[in-house]
Structures are given as structure tokens and as C-alpha cells.
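**Q** fold the following for me, if possible:
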Amino acid sequence: MDKSIQLSLLDLATMYNGESATETLNNSTELAQHVESLGFTRYWFAEHHNTKYQMSTSPDLLSAHVAAKTNRIRIGSGGIMLPNHSPLKVAENFALLEALNPGRIDLGIGRAPGTDGLTALALRRSREAVVRDDFPSQLDELLSYFKGEFKDDHPFASISHAPEPLTPAPFMLGSSDGGMRFASNNGLGFVFAAHISPQLAVPMLRAYRENFKPSVFMEQPKSILAIMVIAAETDEEAEYLAGPAELQWVRWGTGQFTNPPPTLEEAANHTYTMQEQLVKEENKGKFIIGSIERVKEEIRTLADEAQVDEVMILNMLTEKTSRHRSYELLAKAFSL
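**A** Alright, predicted model coming up:
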């Protein structure tokens, strides 16, 4: 019998095809409800700032909303970009979410700001905070709140983030060895962004398992591979549906950040420059595109190589109908 693979979703709450912010957020809520009915494991929201066509600025607020509209699926952040926040406030917010939705909340933690330098300054209100890398101490402080124990001489030792133990499942995000080391050394779950650094996905996820140290949070390692997946009835249909996502990532890779997300028609009619074509080829490892049979085989092969039992799919299908259908095909293929 095939090894069981869980499937999850990562949402950037992107405004496709001229949608309003409200329409986009309604679509995200409906999608979370849909994949919950299909048996998906978790639904996470990313944190990005100063991005004109994305509504994923506050994963904690989005998580609160969608958790209230669903019943079983795990909800959380992929992730909270910790350098932008007070560890105490993150602990308080996610303890509150956990109290409202017991056993359903995940806290994915990122090391990057999720934005440009100027916006990072606006978020943190301090040039010193932007320049200084104090993520290790931030993470230690955050985890100390959840563990309910600081070192005796810590200035915050007397502060409690909640009146009782309320701890979401903590995960570290990563696209390099840095995130992997924080995850394995602190006994956290680990999610690797293969849609950012596909060549490092397998070695980093394997290294995480080899170096994992049990903690009060997790006794056993829990790793997830994140990647873009676009499945359809045929390879040809999948390639067509993937066109906007491929073009979007090429634009980001060539410094084109102000254009709205491409439509299906725009992507199909786009003529790639030589530079764009090179970037498109370099991006191939970030995607799994094809008929459901082909996609299933590629996901299973990659999951086996990376030693994971869960794959998180970056939601980048621009059309609501084909988006829902893609996840229906995946749910059936993996018997969720």
C-alpha cells in the first residue's frame, strides 16, 4: 500500500482578474471551506507587505476569520514574519486563536520581513531594528512565552502571554539551512519553500530529520514541503492554467513588480524575451504542472526523496472553477 501523503494549502490572497479586496478574501474563505470538505490538512496565510495585489498582510486576522468559517481543517500562518513583530504580541494573538479554536491553530514563523527595506522600516519604526539581526533572541523569547519559562535573569520573566497554557503548533519556515537549523535545534516543525529554492528542498528536509532534537512542542520531527502544484485533466490544460503563475514568477524574477497578476489570455499570448525565457527555465523546479496522473507521480517521488508525508501547495490558480477542480483532483488522487 502506498505511503499516505497529506495535502495542505498556502494562500497569498492574491487579487486576480480585477477582483476587489472583498471578493479575493471571500474566495479565500470559500476555498478553505472547499478543501476542508475534500480532506486537506491545513490552510495557511502568508505575510507580505506593500504588495499592491495581495491581501495577505495579516495572517493572524485572516486565520481568525477563516477558522471561524471552518470546522476541522488546521488554520495558521505561513508565516508570521517575526522581525516585524513583538514576540509577546505574536504569543498573545496566537494564544487567543488557540483558545477560540482548540487544537486547530498553527504558527508558522519566518525570518525575513516579507517586504522591501523601506516598508520594513515603516513596520518596525526603527532603523536599528531593520539593520540588526536579532531573530535568534526574538525566537527564543517567543518560545519562552509558550513554554512558560524564561531564564531567571530575563527581564520579561514575570510576563505571561495568557492566563493558561495556550500553544499553537509551532513551525519554522525556511528556504535555506538557516530555517532548518532553527527548526531542528528547537524541536519545531519545519516547512521548506521549494517554490523558492527547489534545489535545496531535499537536502534541507533530510538534514532537518537527521538533526531534530525533541522538545516540549514536538517529540518527533514534522516536515512539510511547499511547492506550486497545478493539476488538470490533461497536461495541455494544466500548462494553459499554469501560464499566469509562470509569467508572474518570471516578472518577479526580472524586477517587474508593479503589473497586476496576468490573466489566462494575457499569459497565453505573452511573448517571452530572451531574459524572461531563461528565468522561466530556471523556475521549472518551483512548479509541478500536468495531468493528475503525472502530478501525483511527481509529488510522491519528491515527497519520498525529501522524507516528508505532507505537501503544501501554493495557491496560484487564477480562475475559481479550475482552482477548485485542481484540488478536487488532488484529493481524489491521494485518497484524502
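**Q** C-alpha coordinates for stretch 323-336, CSV please?
**A** This file holds the C-alpha atoms of stretch 323-336, laid out as CSV (Å, rounded to 0.1, in the frame of the first residue of the first chain):
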residue,chain,number,x,y,z
ARG,A,323,-8.7,26.2,-8.8
HIS,A,324,-11.4,24.2,-7.0
ARG,A,325,-11.2,21.5,-9.7
SER,A,326,-7.4,21.1,-9.3
TYR,A,327,-7.8,20.5,-5.6
GLU,A,328,-10.7,18.0,-6.2
LEU,A,329,-8.4,16.0,-8.5
LEU,A,330,-5.6,16.0,-6.0
ALA,A,331,-7.9,15.0,-3.1
LYS,A,332,-9.2,12.1,-5.1
ALA,A,333,-5.7,11.0,-6.4
PHE,A,334,-4.3,10.9,-2.8
SER,A,335,-7.5,9.5,-1.2
LEU,A,336,-7.8,12.3,1.3
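**Q** buried residues of that stretch, list them for me.
**A** Residues of stretch 323-336 classed as buried: 323, 324, 325, 326, 327, 328, 329, 330, 331, 333, 334, 336 (neighbour count, 16 or more other CB atoms under 10 Å). Quick note: C-beta positions are derived from backbone N, CA and C, even for glycine.
**Q** and the least confident of the residues you listed?
**A** Within the set of the buried residues of stretch 323-336, pLDDT is lowest for residue 336 (93).
**Q** residue contacts, the residue lying closest to residue 105 once chain neighbours are set aside?
**A** Spatial nearest neighbour of residue 105, chain neighbours left out: residue 168 (4.1 Å); criterion: CB to CB, 6 or more residues apart in numbering. For residue 168, the contact set (CB atoms under 8 Å, 6 or more residues apart in numbering) comprises 76, 94, 95, 97, 98, 105, 106, 107.
**Q** could you rerun that using 10 Å?
**A** Going by CB atoms under 10 Å, 6 or more residues apart in numbering, residue 168 touches 63, 74-77, 90-91, 93-95, 97-98, 101, 103-108, 146, 217.
**Q** follow-up on the earlier one: the buried residues of stretch 323-336 in helices, which ones?
**A** Per DSSP state H, helices hold the following members of those: 323, 324, 325, 326, 327, 328, 329, 330, 331, 333.
**Q** ok, now how distant is residue 201 from residue 317?
**A** In this view, residue 201 and residue 317 are 22 Å apart by CB to CB, to the nearest Å.
**Q** now do the same end-to-end measure for stretch 178-197.
**A** Start-to-end span of stretch 178-197 (CA to CA, to the nearest Å) is 13 Å.
**Q** distance from the chain centre to that stretch, please.
**A** 12 Å (CA atoms, centre = their mean, to the nearest Å).
**Q** in that stretch, what's buried?
**A** Result for stretch 178-197 [16+ other CB under 10 Å]: buried residues 179-184, 186-196.
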